[in-house]
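> this is a predicted model, with the sequence first.
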Number of protein chains: 2
Amino acid sequence: MQISSSSFNQAVEQLSSLPGIGKKTALRLVLKLLNRSKEDLRYFGNVFIELSEDINYCNTCFNISENHTCSICSNLNRNNQVICVVENVLDVIAIENTNQYKGKYHVLGGIISPMEGIGPNDIKVNELIQRVQTENINELIMALSTTMEGDATNFYIYKKLKEFDVKITTIARGIGIGDELEYTDELTLGRSILNRIPFENTLSI
Amino acid sequence: MQISSSSFNQAVEQLSSLPGIGKKTALRLVLKLLNRSKEDLRYFGNVFIELSEDINYCNTCFNISENHTCSICSNLNRNNQVICVVENVLDVIAIENTNQYKGKYHVLGGIISPMEGIGPNDIKVNELIQRVQTENINELIMALSTTMEGDATNFYIYKKLKEFDVKITTIARGIGIGDELEYTDELTLGRSILNRIPFENTLSI
């Protein structure tokens, strides 16, 4: 049985178009939304209309921003000689939450994936190269995922920039703090042994 | 780090206000939504505004409807002497999908739950009693969940209506078709033995 209301069905359809939300969950969610007052429901919808109008991307780093320059790029207290290269905005949020990084970012908006037809020109790689050429960048910290696509993107950027006077580093991979050695996959464990660091370094944190 | 965009944060907040969607999932969903065109995003929002304006509940059975009378109540081909009492609209959809029921419905919009402060006056019980009194109802099929709250609601309705000339039945509980006996909980198995039916009855289906 279809409920004979086109706006109801449209709402179910729109919610179930989101990743991870199936038809049945969407149905449940719409029914929950209908328990709210008309004002609350209108507000729920309005938020997304405002979102469609307000949201821009920073012209420099392509982070989400209401203005043409995001709050990180316009922050004079941050080190503008270091750029951390990430895949998407969620990664920026994750790194910012550590409170350990005070440089700038560059959000690629994806990674190179020949399987999905995503090439270097589909993501903000050229914009990154331009930033290295024009801004006074000392170090590029690659913080992409350790998938084949992430490695390919890392390598592409490395090749494009190796003539420039910029240090390219990558975030440390190893066993998570609090993780048990015996449950760690051998790749990570092997990498963490190869990339061991002087014990003194851990004391300074 | 909070992203410095109020409409972004509002969208995350609104999505995470839905049951089963946490802050992190909401963040992901909003980023996915931002990948869409401005038009699509505006459409997404508009659907809920339309929903807030279009949706009504049937004056008779409280099913969701665009008009004052829902498509089931206004269907002359359905048996209007039988009412199936359910908790919410999802139950109506589930029963309609079986194609086995041709009577009317009554959507209570909840069940009596003293723990959550939901009493008989918070759900559409009085409206049900009124229907039994004014319409020519032969049978009331109780199809509420088999929780303590469902049983309490069943009993409350039963007590209120036992003087009236109406048969009150409840849907059969038993082992699901295709389920294995050995994995069934003893309560269900016990109930299905107590409520056994003549074998001939299964042949007619």
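Sure, I can see it. Numbering: from 1, shown residues only, chains lettered A, B, ... in the order given.

> okay, now the domains of chain A?
A:6-54, A:74-202 (automatic domain parsing).

> relative to residue A:46, how far out is residue A:54?
Remark: distance between residue A:54 and residue A:46 (CB to CB, to the nearest Å) = 12 Å. C-beta coordinates here come from the backbone N, C-alpha and C atoms, glycine included.

> settle it for me: which of those two has more neighbours?
Taking neighbours as other CB atoms under 10 Å in any protein chain shown, residue A:54 and residue A:46 compare with residue A:46 leading, 18 against 15.

> quick one, what contacts that one?
Counting by CB atoms under 8 Å, 6 or more residues apart in numbering or on different chains, residue A:46 touches B:45, B:49.

> helix or strand for it, which one?
helix A:38-54 (DSSP states H and E).

> for that helix, which positions count as buried?
Going by neighbour count (16 or more other CB atoms under 10 Å in any protein chain shown), the buried part of helix A:38-54 is A:41-52.

> what average pLDDT does stretch A:176-190 get?
In this model, stretch A:176-190 has a mean pLDDT of 82.

> what residues of stretch A:20-40 count as buried?
A:21, A:25-31, A:33-34.

> same thing with stretch A:102-120?
A:103-113, A:118, A:120.

> same question, stretch A:159-169
By 16+ other CB under 10 Å, the buried positions in stretch A:159-169 come out as A:161, A:166, A:168.

> so which of these belong to helices?
Using DSSP state H, residue A:161 are the members of these that sit in helices.

> dump the buried residues of stretch A:159-169 to TSV, plus pLDDT and distance to residue A:150.
Output for the buried residues of stretch A:159-169, formatted as TSV (pLDDT from 0 to 100; distance: CB to CB, whole Å):
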residue	pLDDT	distance to residue A:150
A:161	89	17
A:166	90	20
A:168	90	14
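
> list just the nearest of the buried residues of helix A:38-54 to residue A:153.
residue A:51 (28.3 Å; CB to CB).

> can I get stretch A:72-85 as PDB, trimmed to CA atoms?
Output in PDB follows, covering the C-alpha atoms of stretch A:72-85 (Å, rounded to 0.1, in the frame of the first residue of the first chain):
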ATOM      1  CA  ILE A  72      41.100  28.900   9.300                       C
ATOM      2  CA  CYS A  73      42.600  30.600   6.200                       C
ATOM      3  CA  SER A  74      41.800  34.000   7.600                       C
ATOM      4  CA  ASN A  75      43.200  33.200  11.000                       C
ATOM      5  CA  LEU A  76      46.500  35.100  11.300                       C
ATOM      6  CA  ASN A  77      47.600  33.100  14.300                       C
ATOM      7  CA  ARG A  78      47.900  29.900  12.200                       C
ATOM      8  CA  ASN A  79      51.100  28.800  10.600                       C
ATOM      9  CA  ASN A  80      50.600  29.600   6.900                       C
ATOM     10  CA  GLN A  81      53.800  27.800   5.800                       C
ATOM     11  CA  VAL A  82      52.300  24.300   6.500                       C
ATOM     12  CA  ILE A  83      49.400  22.800   4.500                       C
ATOM     13  CA  CYS A  84      47.700  19.600   5.600                       C
ATOM     14  CA  VAL A  85      46.200  17.900   2.500                       C
END
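
> and the average pLDDT for the top strand by length along chain A is what?
Using DSSP state E to assign secondary structure, the strand with the most residues in chain A is strand A:79-86. Averaging pLDDT along strand A:79-86 gives 93.

> what is the burial count for the closest residue to residue A:59 other than its chain neighbours?
Nearest residue to residue A:59, sequence neighbours excluded (CB to CB, 6 or more residues apart in numbering or on different chains): residue A:68, at 5.0 Å. For residue A:68, the tally of surrounding residues (other CB under 10 Å) stands at 12.

> OK, contacts around residue A:68?
When contacts are counted by CB under 8 Å, 6+ apart, residue A:68 touches A:56, A:58-59.

> tell me the contacts of the residue most central in space within chain A?
With distances taken as CA atoms, centre = their mean, the residue of chain A nearest its centroid is residue A:88 (2.2 Å). By CB under 8 Å, 6+ apart, the contact set of residue A:88 is A:107-110, B:31.

> so which of the buried residues of stretch A:20-40 are also by chain B?
Counting by CB under 8 Å from any CB of the partner chain, A:25, A:27-31, A:33-34 from those sit close to chain B.

> may I have the helix-or-strand element of chain A with minimal mean pLDDT exported as CSV, CA atoms only?
Across the helices and strands of chain A, mean confidence by mean pLDDT, DSSP states H and E is lowest for helix A:199-203: a mean of 72. The C-alpha coordinates for helix A:199-203 follow below in CSV (Å, rounded to 0.1, in the frame of the first residue of the first chain):
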residue,chain,number,x,y,z
PHE,A,199,61.7,7.1,22.9
GLU,A,200,62.6,10.6,24.0
ASN,A,201,60.2,12.0,21.4
THR,A,202,57.3,10.5,23.2
LEU,A,203,58.2,12.2,26.4
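
> in the helix or strand following the longest strand of chain A, which residues are buried?
Downstream of strand A:79-86, the next assigned helix or strand under DSSP H and E is helix A:89-98. For helix A:89-98, the neighbour count (16+ other CB under 10 Å) marks A:89, A:91-93, A:95-96 as buried.

> contact partners for the nearest residue to residue A:158 once chain neighbours are set aside?
Distances taken as CB to CB, 6+ apart put residue A:168 closest to residue A:158, at 5.6 Å, once the chain neighbours are dropped. With contacts defined as CB under 8 Å, 6+ apart, residue A:168 is in contact with A:139-140, A:142, A:157-158, A:161-162.

> turn these into JSON lines, including secondary structure.
Formatted as JSON lines, those follow (DSSP: H, G, I helix; E, B strand; the rest coil):
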{"residue": "A:139", "secondary structure": "strand"}
{"residue": "A:140", "secondary structure": "strand"}
{"residue": "A:142", "secondary structure": "strand"}
{"residue": "A:157", "secondary structure": "helix"}
{"residue": "A:158", "secondary structure": "helix"}
{"residue": "A:161", "secondary structure": "helix"}
{"residue": "A:162", "secondary structure": "coil"}
